[in-house]
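Asks: The sequence isn't on hand, but the structure is:
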C-alpha cells in the first residue's frame, strides 16, 4: 500500500526539464508585420522620392514676359520670327576646287565683292592653246590672201595676153578659176579665225567664273565652304547672304482677326533676346493666302527704327496698335510679369521653378501688384525665362523634368 502511494506521489511531480518544441507562428507573424510595415513605408515615402530622382515628371511651361504700355492699345497680339526678305545662296557656275575663300561667317560684303577663287590651271592652259590656234588661223588667212593676190595678178596678166592674141585663152581661164578657189580658201581661213576667237572668248568666260562675287550687299549668315572643297552645278551653295536691311517679323494672325488689320498700321515689336527693348514697326504686307490647316494668315511687319542687333530667326512678339504711341507713352517703363499659375510657396516664400538645361531651379521671387492673370515681378528670374506652370508639391530644386510633348 505504501509503495503504491509513493508511486502516485512521484507521478504528481512538476516536470522541470526541457519540454516539447514551441510554436513558430508568433515569430513568423512578427516578421510578416515588420516586412509589411517596411513595404508600406517604401511605397508611401520611397516611391515618390525614387520617381523624382529616376523618372522625369512631365511639366507644362509658361514664360515670364515684358508688358509695355502698348499692350493697353493693342487690338491684336501675335508671335513670330525675324526673317530677311532678301536671301541668296551663291554657288559656282563651273565645277572646280576652291583655291581661296575670301569671307567668313558674319562678314558684311558689298555687291561685287570677291567671295571665293577657284583653281583654274587647266582652263588657263586651254585658253593659252586656244589663243595659239587664233594666231595660227590668222597666219593661214595671211597666207591665203598672199596666194589670192598672186593668183589674181597672174590671171589678169594672162587674160591681157589672151586678149592681145599672144597667150592662150584656156590658160587665162584656168588662172581665173584658181583665183576663185583661193578666195574660198581665204573665206575658210577667216572663218577659222572667228571659230578660234570664239573658243578664246569661251575660255575667258569660264575663267571669269573662277572668281565668285557677291550678287548683292549683305551679311554671310552661314559657314561658307572651305578651301579645297569641290564645287559645281550640283554642289551646295558656297556662301549664303542675307540683306539685314530687309529684316521683317513674320507672324501668323488668326483668320478671324484679319479684318482688324490694314497695311501701314502701327505696331510695337519686342524681341525675346532683348525683352527690355521696344521697336516700332508697321504692317508691310498681308499674305494673300490663308493657311487652311492653322486658319491663320501670315503678316509681315517692317521695322521703323534702327535694328543694329536684330538677327534672322529671332523670336518676336508683335502688338498691332490702334494708334501709334506718342513719345511720352514710349518713355513709360515696361513691366516684367510672371504668370500667377507659375507661383508656388515653399517654406513661407513665393517661388517659381525655372527650367535650365532639363532641370528645374527653384527661385525666390518678390511680387508687386496684380496685372491681369499674373503679378508684376520686382525681383526674380529675368524676362523670357521659362517657368513651370502649376508646379506640384513634390517638385524639388534640381530635379530633372521633361516638358509636355518632349521625349523622355
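Replies: Arrived safely, thanks for sending. Keep in mind it's a predicted model, so treat the numbers as computed, not measured.

Asks: Helix or strand for residue 288, just tell me which one.
Replies: Using DSSP states H and E, the element containing residue 288 is strand 274-291.

Asks: List the buried residues for that strand?
Replies: The neighbour-count check on strand 274-291 (16 or more other Cβ atoms under 10 Å) flags 274, 275, 278, 279, 280, 281, 282, 283, 284 as buried. For glycine as for every other residue, the C-beta is placed from the backbone atoms N, C-alpha and C.

Asks: So the last one is in contact with residue 302, correct?
Replies: Yes - the pair residue 284 and residue 302 qualifies as a contact (Cβ atoms under 8 Å) at a distance of 4.0 Å.

Asks: Touching both of those two, which residues are there?
Replies: Shared contacts of residue 284 and residue 302 (Cβ atoms under 8 Å, 6 or more residues apart in numbering): residue 248.

Asks: Point to the residue nearest the middle of this protein.
Replies: In the chain, the C-alpha nearest the mean C-alpha coordinate belongs to residue 313, at 7.1 Å (Cα atoms, centre = their mean).

Asks: which SSE is that one in?
Replies: Secondary structure here is read from DSSP H and E; on that basis residue 313 sits in neither a helix nor a strand.

Asks: close enough to count as contact, it and residue 84?
Replies: No - checked against Cβ under 8 Å, the pair residue 313 and residue 84 is beyond contact range at 9.4 Å.

Asks: hmm, back to that, give me the lowest-pLDDT entry from the buried residues of strand 274-291.
Replies: Among the buried residues of strand 274-291, residue 275 carries the lowest pLDDT, at 79.

Asks: sorry, back to before: list the strands paired with the strand holding residue 288, with their directions.
Replies: strand 266-271 (antiparallel), strand 296-303 (antiparallel) (DSSP bridges).

Asks: Determine which of those strands shows the lowest mean per-residue pLDDT.
Replies: Among the strands paired with strand 274-291, strand 266-271 carries the lowest mean pLDDT, a mean of 91.

Asks: Who are the packing partners of the longest helix seen in the chain?
Replies: With secondary structure taken from DSSP state H, the chain has its longest helix at helix 121-164. In this structure, helix 121-164 packs against helix 169-209, with contacts taken as 3 or more Cβ pairs under 8 Å, 6 or more residues apart in numbering; DSSP states H and E.

Asks: again, only this time at 10 Å
Replies: If you count contacts as 3 or more Cβ pairs under 10 Å, 6 or more residues apart in numbering; DSSP states H and E, helix 121-164 packs onto strand 96-101, helix 169-209.

Asks: could these go into CSV alongside distance to residue 245, mean neighbour count and mean pLDDT?
Replies: Listed next are these as CSV, based on distance: least, Cβ to Cβ, whole Å; neighbours: other Cβ atoms under 10 Å; pLDDT from 0 to 100:
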stretch, distance to residue 245, mean neighbour count, mean pLDDT
strand 96-101, 25, 16, 91
helix 169-209, 28, 15, 79
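
Asks: nearest to residue 242, of those?
Replies: Ranking those by proximity to residue 242 (Cβ to Cβ) places strand 96-101 first, at 18.1 Å.

Asks: Give me the sheet partners of the next helix-or-strand element following that closest one and which way each runs.
Replies: Sequence order places strand 108-109 as the next helix or strand after strand 96-101, per DSSP H and E. Paired with strand 108-109 in the same sheet, following DSSP bridges, are strand 218-220 (antiparallel).

Asks: Off-centre distance for the partner strand?
Replies: Distance of strand 218-220 from its chain centroid, counting by Cα atoms, centre = their mean, to the nearest Å, is 15 Å.
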